[in-house]
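Asker: predicted model and sequence below, questions to follow.
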Amino acid sequence: MVEKDTIRLLRECDAGVKMGISSIDDVIASVSSEELKTLLINCRSEHAKLECELDELLKDYHDEGKDPNLMAKGMSWVKTNVMLAMDGSDATIADLMTDGCDMGVKSLSKYLNQYAAADEVSKDIAKRLIKIEADLAVNMRGFL
């Protein structure tokens, strides 16, 4: 049970990290504020570091990880592009990022509870990813 929950939690973290990176990549070119751009670049870097850790752990379990849900990724892309076409301001970008972070925190928290038998290393990664997402949401408030 421990190994099964560990792999499942790692997969969900992998999908979450990839979704976060993709979301930042979708908006970064539209950012005007250097401060906001720096926050997003730093957050993307933190996601990329976690992605490397996740890849190594998943390899140890002979697992390829998980891509974000296609429907969720597609809907996020459409929402982002429609909102940016209507208003490409930093406030809109901060709003989009806040919504994405909130969804990430909610999903990851659910998986952390659902896969309670996962090992401590996997739980730690999930908690770190939740913290990164929560911190970014807080940092976005000044741009709303």
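Answerer: Yep, it's here.

Asker: can you pull the buried residues of the helix or strand hosting Met71?
Answerer: Assigned by DSSP states H and E, Met71 belongs to helix 70-86. For helix 70-86, the neighbour count (16 or more other C-beta atoms under 10 Å) marks Lys73, Ser76, Thr80, Met83, Leu84 as buried. (C-beta placed from N, C-alpha, C; glycine too.)

Asker: try stretch 134-144
Answerer: For stretch 134-144, by 16+ other C-beta under 10 Å, it's Ala134, Leu136, Ala137, Asn139, Met140, Phe143.

Asker: please, which helix or strand holds Pro68?
Answerer: Counting by DSSP H and E, Pro68 is found in no helix or strand.

Asker: so how many other residues sit close to it?
Answerer: 19 (other C-beta atoms under 10 Å).

Asker: my read: it touches Ala15, true?
Answerer: Yes - between Pro68 and Ala15 there is a contact under C-beta atoms under 8 Å: 4.8 Å.

Asker: how far off centre is the worst-scoring helix or strand of the chain on mean pLDDT?
Answerer: One helix or strand of the chain scores below all others by mean pLDDT, DSSP states H and E: helix 70-86, with a mean of 84. Relative to the chain's own centre, helix 70-86 is displaced by 15 Å; criterion: C-alpha atoms, centre = their mean, to the nearest Å.

Asker: could you say what helices and strands the helix or strand that contains Lys110 packs with?
Answerer: Under DSSP H and E, the secondary-structure element containing Lys110 is helix 90-114. Counting contacts by 3 or more C-beta pairs under 8 Å, 6 or more residues apart in numbering; DSSP states H and E, helix 90-114 packs against helix 2-27, helix 34-60, helix 70-86, helix 120-140.
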